[in-house]
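[1] take this sequence and fold it.
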Amino acid sequence: MDHQRIARPNITDRRRHRPGPLLLAAPLALVAVLAGCASDSDSGTVTPQDAPSPATTDLTIKVKDGKTTTWTLTCDPAGGNHPDAETACAALEKNGTQALGTPATDQMCTQIFGGDQTATITGTWKGKAVNASLSRRDGCEVARWEQLDPLLPKVSGAPTQ
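    Down below sits the predicted model:
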């Protein structure tokens, strides 16, 4: 039988794996970042990027009830041309999450017409975008409207038809 010798790589010929320049640069960058953080905290100063961003409220409220009325509203501090900005901001704080959200489509609502009034509220509330449409077409919409009283005008008298 003819024995052929199979060539095997020589272990001493293998090259050692050397880290690339990017792998060597990463620890140096980390040291630079940590050194920068240490200097800010050691001095006891707070840089602007460390301060939390304010949750701004800047809304435009447009109400249609035979005529169109438009108000602006800011909160913290309360302002704008809304007739009762402080109370409107308090109503938003209490019920804004539920009333400004998208109404559930599978919710059963009483078919009691509350009036022709409609409102749109656009802008930002607590730093989040708002684009809400409200009406008084059924019991669910009337409830949303009333949750935002006094942000929206109080409706009195019989519904218009």
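
[2] would you indicate which residues of the longest strand seen in the chain are buried?
    Using DSSP state E, we find that the single longest strand of the chain is strand 115-125. Of the residues in strand 115-125, 115, 117-119, 121, 123, 125 count as buried by neighbour count, 16 or more other C-beta atoms under 10 Å. In short, each C-beta sits where N, CA and C put it, glycine included.

[3] can you map out the helices along the chain?
    Taking DSSP state H, the helices of the chain run over residues 21-43, 85-100, 139-147.

[4] measure residue 55 to residue 128 for me?
    For residue 55, the distance to residue 128 (C-beta to C-beta, to the nearest Å) stands at 8 Å.

[5] which other helices and strands contact the longest strand of the chain?
    strand 57-64, helix 85-100, strand 128-136 (3 or more C-beta pairs under 8 Å, 6 or more residues apart in numbering; DSSP states H and E).

[6] switch the cut-off to 10 Å
    When contacts are defined as 3 or more C-beta pairs under 10 Å, 6 or more residues apart in numbering; DSSP states H and E, strand 115-125 packs onto strand 57-64, strand 68-75, helix 85-100, strand 128-136, helix 139-147.

[7] those: which one's closest to residue 153?
    Each of the helices and strands packed on strand 115-125 was scored for nearness to residue 153 using C-beta to C-beta, and the closest is strand 57-64 (6.1 Å).

[8] pull out the buried positions in the closest one.
    Using 16+ other C-beta under 10 Å as the test for burial, strand 57-64 gives 57-59, 61, 63.

[9] ok, stretch 126-146 next?
    Using 16+ other C-beta under 10 Å as the test for burial, stretch 126-146 gives 130, 132, 134-139, 141-145.

[10] about what we covered before: among the helices of the chain, show the one with the smallest mean pLDDT.
    Ranked by mean pLDDT, these end with helix 21-43 at the bottom, a mean of 47.

[11] where does the prediction get shaky in this protein?
    The chain contains residues with pLDDT under 70 at 1-54, 156-161.

[12] try 50
    The chain contains residues with pLDDT under 50 at 30-53, 158-161.

[13] save the helices and strands packed on strand 115-125 as a markdown table, and put in distance to residue 109 too.
    Output for the helices and strands packed on strand 115-125, formatted as a markdown table (distance: least, C-beta to C-beta, whole Å):
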| stretch | distance to residue 109 |
| --- | --- |
| strand 57-64 | 21 |
| strand 68-75 | 26 |
| helix 85-100 | 15 |
| strand 128-136 | 12 |
| helix 139-147 | 4 |
